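J.: build me a model:
(chains A, B, C and D, ligands or ions: 4)
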There are 2 protein chains.
Amino acid sequence: MKIGELAKATDTQVETIRYYERIGLLSAPGRSAANYRIYDPSHRSRLSFIRHSRQLGFTIDDIRSLLDLADHPERDCAEADNITTRHLGQVEAKISHLTRLRDELVRVSGRCRGGLSSDCQVIETLADHGHCTAKHE
Amino acid sequence: MKIGELAKATDTQVETIRYYERIGLLSAPGRSAANYRIYDPSHRSRLSFIRHSRQLGFTIDDIRSLLDLADHPERDCAEADNITTRHLGQVEAKISHLTRLRDELVRVSGRCRGGLSSDCQVIETLADHGHCTAKHE
DNA sequence: GCTTGACCCTGTAGCAGCTACAGGGTGCAT
DNA sequence: ATGCACCCTGTAGCTGCTACAGGGTCAAGC
Ligand SMILES: [Zn+2]
Ligand SMILES: [Zn+2]
Ligand SMILES: [Zn+2]
Ligand SMILES: [Zn+2]
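T.: Ligands and ions are numbered 1, 2, ... in the order given. A predicted model of the protein is given here:
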């Protein structure tokens, strides 16, 4: 299949596919006489794996390792678990960071009573962290 | 004060300060005979405003508007509220996205029983979204 | 046979928000 | 005089794409 068909089949942009090839994440396929990329089903499943992993938030580097593991069935899968657990930890850290952020923003935006910019408590709070209740790491 | 002192005073990297100047977020200060940047207290409070806003997750563009408003005390502060509310909405959207992600990751990583890569349910799930319970937009 | 349009190619630059040099100058202490 | 900390400019890198510009290819319809 040509790149456009693969793109549709995997719900990926054509340029993203070429990008993955450029960075060595997706192996270079054969070419037609007109120099068009011609993919086979193995490319398709590999790209699906990549896209699905991306949707789950794994980095390109994580995906490289995961693909490597998928290519070596005889290896121990501990690394896959490590990667997933570490990623999960990062997601949880982000959630808690954003949650604290949200609480602060709710508080800040609740202080605006309308009126002149000079009296606005939103702007006042941005100018002076003393108005905040928590640190923001 | 010189750039290094301003950096310490506002807990900002020197290079970040120069970056803000380059993109026109922080106005260019005067220079010493040796061509060193010399800042005054107004630069300091402006930079504090910027850093605090960044810590609260506002984009550079948002901060431009907020600074503009802070510079014009006679204006209506509605825009500050708009920006904050919109930003809050985006933070909430991110939280809910990450929360769904986390739930899926917990489920996925819980399926790994150790052993060979060929039997690993983590890798199996990445290869086939059919094992997932939800969509991932 | 000639045009139109949809596809394909390469290569490069842009997004956000910094961060990290390289390669040089300045200021003060020992 | 020499060392060291600091400052300068300019440019390139990070992540994960996305968006061209400027060209080639192929099938359909006239
Ligand atoms: Zn207000
Ligand atoms: Zn604060
Ligand atoms: Zn496993
Ligand atoms: Zn899935």
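J.: from here on, contacts and neighbour counts on C-alpha atoms
T.: OK.
J.: who touches the closest residue to residue A:99 other than its chain neighbours in this structure?
T.: Leaving aside its sequence neighbours, residue A:99 sits nearest to residue B:95 (Cα to Cα, 6 or more residues apart in numbering or on different chains; 7.1 Å). Shown in contact with residue B:95 (Cα atoms under 8 Å, 6 or more residues apart in numbering or on different chains): A:95, A:98-99.
J.: around DNA strand C, pick out the residues from chain A.
T.: With Cα under 7 Å from any atom of the strand as the criterion, chain A comes near DNA strand C at residues A:2-5, A:14, A:18, A:35-37.
J.: hang on, isn't residue A:108 packed against residue A:122?
T.: Yes. Between residue A:108 and residue A:122 there is a contact under Cα atoms under 8 Å: 5.8 Å.
J.: from the contacts of residue B:95, which land in strands?
T.: With DSSP state E as the criterion, strands contain none of the contacts of residue B:95.
J.: enumerate every residue touching the residue most central in space within chain A.
T.: Nearest to the centroid of the C-alpha atoms of chain A, with distances taken as Cα atoms, centre = their mean, sits residue A:57, at 4.1 Å. The contact partners of residue A:57, taken as Cα under 8 Å, 6+ apart, are residue B:101.
J.: give me the pLDDT value at whichever residue of chain A sits closest to DNA strand D.
T.: Nearest residue of chain A to DNA strand D (Cα to the nearest atom of the strand) works out as residue A:59 at 3.4 Å. Predicted confidence (pLDDT) for residue A:59: 97.
J.: counting neighbours, what do you get for it?
T.: 13 (other Cα atoms under 10 Å in any protein chain shown).
J.: same check on residue A:65?
T.: 14.
J.: just to revisit the earlier point, reformat the contacts of residue B:95 as CSV; add pLDDT.
T.: Shown next, in CSV, are these (pLDDT from 0 to 100):
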residue, pLDDT
A:95, 97
A:98, 97
A:99, 96
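J.: mind listing the strands for chain A?
T.: Under DSSP E, chain A gives strands at A:30-31, A:37-38.
J.: map the structural domains onto the sequence of chain A.
T.: With domains defined by automatic domain parsing, chain A comprises A:3-75, A:83-136.
J.: name the nearest residue to the closest residue to ligand 3 within chain A, sequence neighbours excluded.
T.: The nearest approach of chain A to ligand 3 comes at residue A:77, 4.5 Å away (Cα to the ion). With Cα to Cα, 6+ apart as the criterion, residue A:77 has its nearest non-adjacent residue at 4.4 Å, and that residue is residue B:117.
J.: any idea how far ligand 2 is from residue A:65?
T.: Residue A:65 sits 39 Å away from ligand 2, taking Cα to the ion, to the nearest Å as the criterion.
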